[in-house]
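1. Sequence first, predicted coordinates after that:
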Amino acid sequence: WNIQENKAQAADVSESATIIPTKYDLRDRARVSAIRNQGTYGTCWSFAALSAMESILLPEQDYQFSVDHMTLNNGFHLAQDDGGEYTMGMAYLASWKGPVFEKDDPYGDNKTNPDLTAVKHVQEMQIIDGKDYEKIKEAVFKYGGVQTSIYNSLKSSQSKSPYYDRRTSSYCYIGTEKPNHDVVIIGWDDNYSKENFKAINGVLPENDGAWLVKNSWGDYNTLNGYFWLSYEDSYLFSSTFKYNFAVEDVTEITDDVKLMQNEIYGATYEFNYINDDSVTYLNLFNFSEGYNKLDSIMFETTAKNSDYEIYYVPAENKIPVSDETKWTKLNSGKVPYSGYLNIDTNDFDLPVTYGAIAVKIKKNNESEKNTIGVGEWLNKSNGQFAFINESQKGESFIYQNGTMTDLLDWYKTERDDNLGGTFVIKAVTNKTELAVTLLGDIDLNNKIDIKDATDLQIAISGGSKLSAVQNLNADTDENGEINVNDVTQLQFMIANNN
């Protein structure tokens with residue numbers, strides 16, 4: 001009810017709402033964080049990613065997140081001068097390494113605190129495909145700022161460019177150079193005059209219309225750090241360079257939630273090596289830390305419109321079983337967009353042992369893709385490693401034609417690649433009450449044998465670390481301590497069972 005005008009007003013904020021205005025500015029709704037200055041560092045990608053993150057929380061929560069923490073704690077072998085890209089920002093947020101507050105890790109001092117923990121949890125991020133202007137506008141309208149990449153011929157805030165009109169702070173690049181600068185879309189104007197842009201070789205953009213963009217060069221121009229970018233710019237939201245994403249879902253931090261994951265570097269590639277109608281990708285986890293309510297599954301994919309199915313798959317000897325009759329289907333649907341998805345699993349009760357989460361991606365009439373995100377090694381342009389994955393055997397698996405194959409074995413056999421990769425499949429779990437599952441069962445296979453005694457000896461000597469439930473099971477003499485006496489007691493138990 002509008003008291004001043006004495007009339008009721010209604011707004012449709014449902015998912016089906018599609019009425020997009022011809023002009024929109026997030027600043028009018030206090031949904032844009034403060035303009036910042038990256039200085040001489042190549043950190044625009046991080047400023048853009050965190051600005052998008054800040055935008056989705058505004059106006060209710062006004063935070064400034066740390067660029068230093070994102071750029072110095074992302075695991076990639078890149079200095080702040082080397083630049084970065086949107087996938088690094090997405091990986092950092094999706095792995096819950098951050099964000100952290102700027103005040104706790106201030107910018108530009110060449111120092112960081114790796115022990116800081118995330119103050120928010122990101123659940124979903126959408127990669128915007130191609131020049132679908134309505135989708136871009138919808139993302140800004142619903143979620144806030146959208147990160148994107150452009151080719152910027154300006155080398156600094158003080159330089160000049162034939163593509164930039166300093167009087168109107170308007171930019172339009174027409175050419176073939178690759179994107180080199182990340183910014184954030186915060187609005188648009190379909191009627192922004194093409195006359196506001198500088199003519200390139202005497203030619204203006206063909207049509208009116210521009211995006212309102214937030215930069216990270218401080219208050220450097222006539223729009224106080226913002227500029228207009230023509231709809232006809234060569235690379236903005238192009239089908240060739242899909243360097244743009246929107247944060248869709250953010251949750252509060254609680255001690256009752258744990259993210260189970262086998263990688264923290266996100267999807268450096270899409271696993272697109274198998275041309276079957278469907279492929280099942282799995283990650284194995286040790287669900288014995290006392291977090292045994294499966295809230296949801298996160299995974300990365302660019303297989304938009306393909307069908308997906310989510311399963312819990314039990315494991316035997318730390319290998320997911322191939323017998324599909326033993327699998328539990330948790331959810332299914334159609335991939336709504338490219339990016340990081342979060343799929344509800346209705347608080348499925350996870351067995352307190354090793355188990356796998358499987359994501360089956362299936363082609364259909366709308367999509368010829370069956371891909372999923374994978375963390376593989378990356379090279380810089382000079383041939384040096386930009387990123388070396390730390391993939392281990394027993395983390396990721398492929399299921400095809402009734403056969404379960406360790407992903408590292410698959411890479412070695414099919415691609416002669418010894419580094420391999422790790423699938424980007426994560427489990428969001430909730431805390432449950434810890435309890436002994438079977439006294440002496442160290443390997444969590446619901447029986448006790450000589451292998452349990454061996455595993456316990458290795459753990460006591462420091463050769464491995466026991467999970468919370470494994471520790472409870474390991475206290476075989478039930479005195480609250482884990483030591484060699486428990487090994488002796490376990491050996492007696494095994495002998496009596498035999």
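-> Cool, got the structure.
2. State the number of residues packed around Asp233.
-> As a burial measure, Asp233 scores 23 neighbours (other C-beta atoms under 10 Å). To be clear about C-beta, it is placed using only N, CA and C from the backbone, and glycine gets the same treatment.
3. what secondary structure does it sit in?
-> Secondary structure assignment for Asp233 (DSSP: H, G, I helix; E, B strand; the rest coil): coil.
4. tell me the pLDDT at Ile448?
-> pLDDT, Ile448: 93.
5. where's the closest residue in space to it that isn't next to it in sequence relative to Leu50, distance?
-> Of all residues not flanking Ile448 in the chain, Gly440 sits nearest, at 4.1 Å (C-beta to C-beta, 6 or more residues apart in numbering). Per C-beta to C-beta, to the nearest Å, Gly440 is found 49 Å from Leu50.
6. host element of Ala49?
-> Take DSSP states H and E as the rule and Ala49 turns out to sit in helix 44-57.
7. which element follows that helix toward the C-terminus?
-> Using DSSP H and E, the helix or strand that follows helix 44-57 in sequence is helix 67-72.
8. ok, and what's touching that following helix?
-> Helix 67-72 is contacted from outside by 36, 38, 41, 43, 46-47, 49-50, 80, 84, 89, 92, 98-100, 102, 104-109, 111-113, 116, using C-beta atoms under 8 Å, 6 or more residues apart in numbering.
9. model confidence over stretch 298-318, on average?
-> Here stretch 298-318 scores 96 as its mean pLDDT.
10. Which stretches in the stretch 1-150 of the chain count as strands?
-> Ranges of strands in the stretch 1-150 of the chain, per DSSP state E, counting those that start in this stretch, are 23-25, 121-127, 146-150.
11. Switch these over to a markdown table; also include mean neighbour count and distance to Ser278.
-> Shown next, in a markdown table, are the strands of the stretch 1-150 of the chain (neighbours: other C-beta atoms under 10 Å; distance: least, C-beta to C-beta, whole Å):
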| stretch | mean neighbour count | distance to Ser278 |
| --- | --- | --- |
| strand 23-25 | 15 | 40 |
| strand 121-127 | 22 | 22 |
| strand 146-150 | 27 | 32 |
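12. closest to Tyr226 out of the ones you listed?
-> Nearest of the strands of the stretch 1-150 of the chain to Tyr226, taken as C-beta to C-beta: strand 23-25 at 9.5 Å.
13. helices and strands around the closest one, which ones?
-> Applying 3 or more C-beta pairs under 8 Å, 6 or more residues apart in numbering; DSSP states H and E, one finds that strand 23-25 contacts helix 133-143, strand 181-189.
14. What strands line up against that strand, and which way round?
-> Using DSSP bridges, the strands paired with strand 23-25 are strand 181-189 (antiparallel).
15. Quick check: mean pLDDT of the partner strand?
-> Strand 181-189 comes out with an average pLDDT of 95.
16. what angle sits between that strand and helix 133-143?
-> Counting by axes from the mean of the first three to the mean of the last three C-alpha atoms, to 10 degrees, strand 181-189 points 90 degrees away from the direction of helix 133-143.
17. got the angle for strand 181-189 vs strand 146-150?
-> 120 degrees.
18. from the middle of its chain, how far away would strand 181-189 be?
-> 21 Å (C-alpha atoms, centre = their mean, to the nearest Å).
19. one step back: same drill for Gly440 and Leu50, tell me which one is more crowded.
-> Higher neighbour count among Gly440 and Leu50: Leu50, with 31 against 23, using other C-beta under 10 Å.
20. Tell me how far the more buried one lies from Leu259.
-> Distance, Leu50 to Leu259, using C-beta to C-beta: 19 Å.
21. What distance do you get for the closest residue to Tyr41 other than its chain neighbours to Asp233?
-> Computed as C-beta to C-beta, 6+ apart, the closest residue to Tyr41 that is not its neighbour in sequence is Gln80, at 4.3 Å. Per C-beta to C-beta, Gln80 is found 27 Å from Asp233.
22. Next: Thr432.
-> According to C-beta to C-beta, Thr432 and Asp233 sit 51 Å apart.
23. Repeat that for Lys412.
-> Going from Lys412 to Asp233 by C-beta to C-beta gives 44 Å.
24. Provide the count of other residues in contact range of the nearest residue to Pro106 once chain neighbours are set aside.
-> Spatial nearest neighbour of Pro106, excluding adjacent residues (C-beta to C-beta, 6+ apart): Asp68 at 6.8 Å. Look at Asp68: counted by other C-beta under 10 Å, it has 23 neighbours.
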